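1. just coords:
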């Protein structure tokens, strides 16, 4: 069978999921003809993705989140206005997407939570099956626990889920732990898509904290913590442009551009992990048995949901601010849940080929 992937370009999670799924499909004799990545001016496509995906990558302008000047907080109203202003550009992207689908004639289009992908499927009605994959879809499950209050944010996320899955034949909800499927909603609960590199990495107990910042604005909080605890080694990953591949501040604070192999290596030897509550990297930490401090991006409700869900699964703790000190306080209380999580995650190689046909 032939597949086309459409991937949201925000952060690294959807891309690493696509890398894992591509390998599983190829091992089962299938072909990924092309990969479309929804890009924005604020994000560049990581080199590790283009190097490893094994097929042509087509970047297309796609709706994405707008943040404040510090690149910390997501601004929903600005996001809507900005998207409307760029509607003519997005129409051109959709036209190009339609050309690719007509040229490649895929059997299945897999959408990794890209808004343009959902709008394309709804408006152009391609012949291919349209299957959506993301952790965000788990909020439709009756056993999902939401953060308190924030009803408007909850509605916005539900609307986002609807847009990305418009006309979908099946919705695969990535989950930290097993739940029953809900066929009436076309909703099927599946394990996270972790790459073999994560599963095969040798795990050790080092002394550093690994920090992943999807928004470079958090460097101020990192450096504040560093001034208070200069003896605590920190390795921080970001995608801040015009900064060297490795930017060493001093002996215990280093910033790295996103690098797939280096990131996994640093996680495997970390004492703990600090992240803005993206689903994929939390799963990687859980697989390796690393305690996690999750800091949802301000205004980013889906990350707040991720944090609640991950805490329920035993990943670690959360903070409303980028306060790394909370990880210090949490470490003595952490219970290692890596073994049951590994058993769940390892079922992906059998489950996904069955769902994607």
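-> Yep, that arrived. Quantities reported herein were computed from a predicted structural model and do not represent experimental measurements. Numbers count the residues shown, from 1 in each chain.

2. what comes into contact with the host helix or strand of residue 133?
-> Using DSSP states H and E, residue 133 sits in strand 129-134. Contacts with strand 129-134, where a contact means Cβ atoms under 8 Å, 6 or more residues apart in numbering, come from 14, 17, 21, 107-113, 118, 121, 164-165, 167-174, 190, 193, 355-356. Backbone N, C-alpha and C define where each C-beta goes, glycine included.

3. same check, this time on stretch 301-309
-> By Cβ under 8 Å, 6+ apart, the surrounding residues in contact with stretch 301-309 are 135-136, 138-139, 144-147, 150, 153-154, 156-157, 160, 175-176, 276-279, 282, 294, 296-297, 318.

4. and if you look at stretch 9-21?
-> By Cβ under 8 Å, 6+ apart, the residues outside stretch 9-21 that reach it are 5, 7-8, 35, 37-40, 43, 45-46, 49, 52-53, 59, 62, 64-65, 110, 112-114, 133-134, 174, 192-196, 214, 258, 260, 278-281, 348, 352.

5. Would you mind checking those for buried ones?
-> For the contacts of stretch 9-21, a burial check counting by 16 or more other Cβ atoms under 10 Å picks out 5, 7-8, 35, 37-40, 43, 45-46, 49, 52-53, 59, 62, 64-65, 110, 112-114, 133-134, 174, 192-195, 214, 258, 260, 278-281, 348, 352.

6. hey, which helix or strand in this structure has the poorest pLDDT?
-> In the chain, no helix or strand scores lower on mean pLDDT, DSSP states H and E than helix 76-85, which sits at a mean of 69.

7. Can you name the element that comes right after that helix?
-> As assigned by DSSP H and E, the chain's next helix or strand after helix 76-85 is helix 87-104.

8. so after that next one, what's the next helix or strand?
-> The helix or strand immediately downstream of helix 87-104 is strand 108-112, counting by DSSP H and E.

9. any idea of the mean pLDDT for that next one?
-> Strand 108-112 shows a mean pLDDT of 98.

10. Next, the residue nearest to residue 196 when sequence neighbours are not counted: secondary structure please.
-> The shortest distance from residue 196 to any non-neighbouring residue, by Cβ to Cβ, 6 or more residues apart in numbering, is to residue 23 (7.1 Å). Following DSSP: H, G, I helix; E, B strand; the rest coil, we place residue 23 in the helix state.

11. and the helix or strand residue 60 falls within, what other elements does it pack with?
-> Using DSSP H and E, residue 60 sits in strand 56-61. Applying 3 or more Cβ pairs under 8 Å, 6 or more residues apart in numbering; DSSP states H and E, we find strand 56-61 packed against strand 31-39, helix 87-104.

12. Given that strand, what are its sheet partners and their directions?
-> With DSSP bridges as the test, strand 56-61 is paired with strand 31-39 (parallel).
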